[in-house]
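In: Need the 3D shape of this:
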Amino acid sequence: MKRIKAIIVDDESSAIETLQGMLGTFCPQVEILAVASSVEDGLLAIRSHQPDLVFLDIEIPPFGKGFDLLKMTPGNSFGVIFTTAYSEYAIQAINEAQPWGYLIKPCRVSDLIQAVMAAEQKMANNPTSGVNETSDLQGIIIPDSRKGNIVVFARTILYCKADGGNTDIYLLRPDKVERISASRSLKELEAQLPPHLFCRTHHSYVVNLQHVVRYQRTGRNGVIFLPHNHKVDISVMKMEGFEEQFKKVLKG
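Out: Next up is the predicted model:
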């Protein structure tokens with residue numbers, strides 16, 4: 001029996017526990033790698049675990065809906081089974097996300113089993129569907145003053161911050177953000193990164209648009225919110241270019 005690596009995103013802990021229990025009893029081929037109760041935590045779990053399947057609630061306060069999370073993971077490599085108390089979202093779900101299943105809470109065991117069987121069939125028919133672009137796997141060599149030459153993959157970079165003639169690089173790990181210091185300028189480093197994914201938002205910052213949780217205008221400039229409460233400034237001069245590039249990334 002092929003294992004299905006999955007995560008659950010739902011703002012209600014009781015709903016997560018119920019679904020975990022049902023999957024453990026009736027769908028043992030599903031391995032729950034992580035659970036999340038917010039859009040931000042869901043993004044982090046997806047980035048960290050690269051699941052085959054996401055059980056996704058639609059209403060996830062306070063920052064939007066499950067649809068918003070999907071827009072923030074363009075070119076994703078996972079399927080989606082919506083788990084919601086609201087049947088009225090079904091048409092939107094089909095039009096926008098093409099889900100592998102749509103379960104109405106409280107879901108019946110038979111419906112859950114059928115949805116998981118459909119997911120297995122999707123995976124069998126198209127095992128490489130939605131694989132990340134090659135640029136996501138691009139590696140660069142970072143000369144670190146303490147650790148020597150370090151190989152860093154583009155997808156793990158959260159953002160880069162200029163520090164004089166050096167650059168601090170913030171890497172997204174499964175449970176934290178790690179900082180390393182590169183002995184090269186931000187401009188030199190930026191030239192090595194995939195240009196469609198990384199954006200110069202400020203003279204001191206380059207950010208990976210795949211990891212943006214949300215952004216907020218503050219007058220003519222703005223702030224980008226990233227996992228683990230990290231923030232990056234958007235300057236007045238860079239705001240228009242950032243919004244244009246970010247929309248392209250969301251569209252995939």
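In: wait, isn't residue 58 in contact with residue 68?
Out: No: counting by C-beta atoms under 8 Å, residue 58 stays clear of residue 68, with 10.0 Å between them. Every C-beta, even on glycine, is put in place using the N, C-alpha and C of the backbone.
In: Who has more neighbours out of those two?
Out: Neighbours per residue, other C-beta atoms under 10 Å: of residue 58 and residue 68, the larger number sits with residue 58, 23 against 17.
In: Quick check: residue 248 vs residue 194, distance?
Out: As judged by C-beta to C-beta, to the nearest Å, residue 248 and residue 194 stand 13 Å apart.
In: Of the two, which one has the most company?
Out: Comparing residue 248 with residue 194 by other C-beta under 10 Å, the one with more neighbours is residue 194, at 17 against 11.
In: just checking, the more buried one is part of a strand?
Out: No: checked against DSSP: H, G, I helix; E, B strand; the rest coil, residue 194 lies outside a strand; its state is coil.
In: mind pulling up the phi and psi values for it?
Out: The phi/psi pair for residue 194 (degrees, to the nearest 10) reads phi -60, psi 120.
In: contacting residues around the spatially most central residue of the chain?
Out: With distances taken as C-alpha atoms, centre = their mean, residue 43 lies nearest the centre of the chain, 3.6 Å away. Residues counted as contacts of residue 43 (C-beta atoms under 8 Å, 6 or more residues apart in numbering) are 69, 72-73, 211, 213, 227.
In: Nearest to residue 144 among these?
Out: Distance to residue 144 across the contacts of residue 43 (C-beta to C-beta) is lowest for residue 211, with 21.2 Å.
In: residue contacts, the closest one?
Out: Contacts of residue 211 (C-beta under 8 Å, 6+ apart): 43, 47, 158-159, 172, 226-227.
In: From residue 29, how far out is it?
Out: Computed with C-beta to C-beta, the distance linking residue 211 and residue 29 is 30 Å.
In: same question, residue 61
Out: Counting by C-beta to C-beta, the gap from residue 61 to residue 29 is 32 Å.
In: ok, now residue 108?
Out: Noted for residue 108: a distance of 19 Å to residue 29, by C-beta to C-beta.
In: Looking at those two, which is more packed in?
Out: More crowded of residue 108 and residue 29, by other C-beta under 10 Å: residue 29, with 14 against 11.
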